[in-house]
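Engineer: Got a sequence here, can you build the structure:
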Amino acid sequence: MPLALLALAIGAFGIGTTEFVIMGLLPQVADSFQVSIPTAGFLVTGYALGVVAGAPLMTVLGTRVPRKKMLMLLMGLFIIGNVVSATAPVFGVMLAGRIVASFAHGAFFGIGSVVAAGLVAPQKKAGAIAMMFTGLTLANVVGVPLGTLIGQDIGWRLTFLLVAGLGVVGLLGVARLVPEQPRPEGVRLRHEVAAFRNVQVLLAMAMTVLGFGGVFAAITYISPMMTSVAGFSEGGVTWLLVLFGLGMVSGNLIGGRFADRALMPMLYVSLGGLALVLALFTLTAHDRIASAVTIFLIGGLGFATVPPLQKRVLDQASGAPTLASAVNIGAFNLGNALSAWLGGIVIAAGLGYTAPNWVGAVLAASALVLALVSSTLERRSGPAVPAGSVGRVVAGSAPAEPSPQTEPAPQAEPSPQTGRVPEVSADR
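Structural biologist: Residues are numbered from 1 along each chain as shown. Purely as a prediction, here's the structure:
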């Protein structure tokens with residue numbers, strides 16, 4: 001494994017920790033600033049929306065910057081955002097710090113995916129992407145519980161200072177270990193934008209929104225579901241989230257391993273399995289052991305989709321993948337926001353705390369349908385051609401015109417002696 005992947009994973013660990021640790025510290029933050037917990041919840045919402053907006057914005061701003069340098073700048077932005085959050089004198093300043101940190105999130109994972117894929121052989125790209133995302137999944141197993149414990153026992157400001165310290169380690173790791181990767185010759189912003197003309201890129205992003213939305217439709221409301229339906233204590237929910245994190249780590253590594261061999265079959269299995277498990281969760285949520293197993297499976301199946309979906313976008317936007325890759329990271333967060341909203345609607349409608357599981361099952365099943373549609377279109381239109389290349393055929397569009405430089409081969413004429421067309425050897 002290239003050591004550069006370790007540097008990317010450390011950065012991912014820090015980003016994953018700061019994204020999710022705030023959820024366990026909302027009461028402490030609310031008390032510090034004397035705001036309500038729903039108001040403090042804007043620290044979660046603001047971060048998610050910042051990822052969605054920041055992913056394309058920061059990537060576009062970095063189109064003329066070498067990828068290694070851009071990764072370093074993004075880690076610097078991440079450090080600044082967390083220091084601002086840790087030292088904020090009022091709530092509004094902390095919210096601003098969260099948004100600043102979130103702007104680094106999508107672009108880091110988007111550009112990092114391209115860099116990780118470029119460090120290994122073509123047949124190992126998904127595995128390399130998975131190794132980077134291992135940092136994100138481990139954050140939910142180690143970083144978030146530890147950060148929550150420190151924040152609750154010592155102070156939430158220390159948690160964010162320590163996260164900023166992780167950012168410093170990630171920045172130094174990128175500077176030291178990641179090789180220089182200048183932008184490919186001739187690739188400009190218009191080529192990056194041209195990737196979105198490819199129906200396959202849009203389908204992959206829609207799969208990301210729906211598939212990942214399926215996961216967080218259930219997990220967003222895991223605490224009231226497990227305490228009210230399964231009978232767990234509030235402390236028990238913490239360990240259930242650790243179990244979910246372990247499932248994330250396992251699924252991410254398995255998805256990366258098999259996506260390099262059979263990408264679309266891996267998506268069929270993981271999305272289909274996820275839809276089934278989420279539907280069953282409406283039943284298993286009433287039993288402690290069964291619900292614990294189900295939560296692990298949701299984490300595993302949900303994150304088994306991450307490497308293949310990210311690689312799918314890279315493959316379909318080949319030649320100009322950076323912006324598409326970053327926007328796909330924003331799509332993960334859009335799925336989170338969409339599913340949380342839909343789950344809240346069914347709970348508010350009086351359908352119970354298990355109702356979001358049905359929402360998740362429908363979203364995951366819809367993602368599976370899109371995967372089948374994508375595969376069918378690809379068989380009809382042929383393999384992807386690099387975005388921005390001459391004569392590129394976009395799935396569902398008219399075929400490209402023949403190149404004017406290429407003259408058709410002359411047709412052989414019948415021999416005047418025999419009246420036959422002479423055979424022409426292919427080896428001339």
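Engineer: Once you drop chain neighbours, what's closest to Gly343?
Structural biologist: In space, and not counting its chain neighbours, Gly343 is closest to Pro356: 3.4 Å by Cβ to Cβ, 6 or more residues apart in numbering. C-betas here are computed from N, CA, C, even on glycine.
Engineer: So the one you found: helix, strand or coil?
Structural biologist: When classified by DSSP: H, G, I helix; E, B strand; the rest coil, Pro356 comes out as helix.
Engineer: Neighbours of it, how many?
Structural biologist: A count of neighbours around Pro356, defined by other Cβ atoms under 10 Å, yields 29.
Engineer: and it, how far is that from Ala367?
Structural biologist: Using Cβ to Cβ, to the nearest Å, Pro356 is found at 16 Å from Ala367.
Engineer: What of Lys125?
Structural biologist: 22 Å.
Engineer: Outline the domain layout of this structure.
Structural biologist: For the chain, automatic domain parsing gives the domain ranges 1-183, 184-388.
Engineer: what mean pLDDT would you report for the last one?
Structural biologist: In this model, domain 184-388 carries a mean pLDDT of 85.
Engineer: chain center to it: distance?
Structural biologist: Domain 184-388 sits 9 Å away from the centroid of its parent chain (Cα atoms, centre = their mean, to the nearest Å).
Engineer: try stretch 42-56
Structural biologist: Counting by Cα atoms, centre = their mean, stretch 42-56 comes out at 14 Å from the chain centroid.
Engineer: For it, list every residue counted as buried.
Structural biologist: For stretch 42-56, burial by neighbour count (16 or more other Cβ atoms under 10 Å) applies to 42-44, 46-56.
Engineer: next one: stretch 67-81
Structural biologist: For stretch 67-81, a neighbour-count test (16+ other Cβ under 10 Å) marks 67-75, 77-81 as buried.
Engineer: does the spatially most central residue of the chain sit in a helix or strand, and which one?
Structural biologist: With distances taken as Cα atoms, centre = their mean, the residue of the chain nearest its centroid is Ile329 (4.0 Å). Element membership for Ile329 (DSSP states H and E) is helix 322-348.
Engineer: for that helix, packing partners?
Structural biologist: Judged by 3 or more Cβ pairs under 8 Å, 6 or more residues apart in numbering; DSSP states H and E, helix 322-348 is in contact with helix 42-61, helix 91-118, helix 189-194, helix 199-219, helix 306-316, helix 355-381.
Engineer: Tabulate those helices (CSV), appending distance to Asn336.
Structural biologist: Formatted as CSV, the helices and strands packed on helix 322-348 follow (distance: least, Cβ to Cβ, whole Å):
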stretch, distance to Asn336
helix 42-61, 6
helix 91-118, 12
helix 189-194, 25
helix 199-219, 5
helix 306-316, 13
helix 355-381, 11
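Engineer: from those helices, which stretch is densest packed?
Structural biologist: Ranked by mean neighbour count, those are led by helix 306-316 with a mean of 28 (mean count of other Cβ atoms under 10 Å).
Engineer: and the angle for that helix with helix 355-381?
Structural biologist: In terms of direction (axes from the mean of the first three to the mean of the last three Cα atoms, to 10 degrees), helix 306-316 departs from helix 355-381 by 30 degrees.
Engineer: which residues sit against helix 306-316?
Structural biologist: Helix 306-316 is contacted by residues 113-114, 117, 125-127, 129-130, 133, 195, 198, 200-201, 204-205, 207-208, 211, 251-252, 255-256, 259-260, 263-264, 266-267, 270, 321, 324-325, 328, 332, 384 when judged by Cβ atoms under 8 Å, 6 or more residues apart in numbering.
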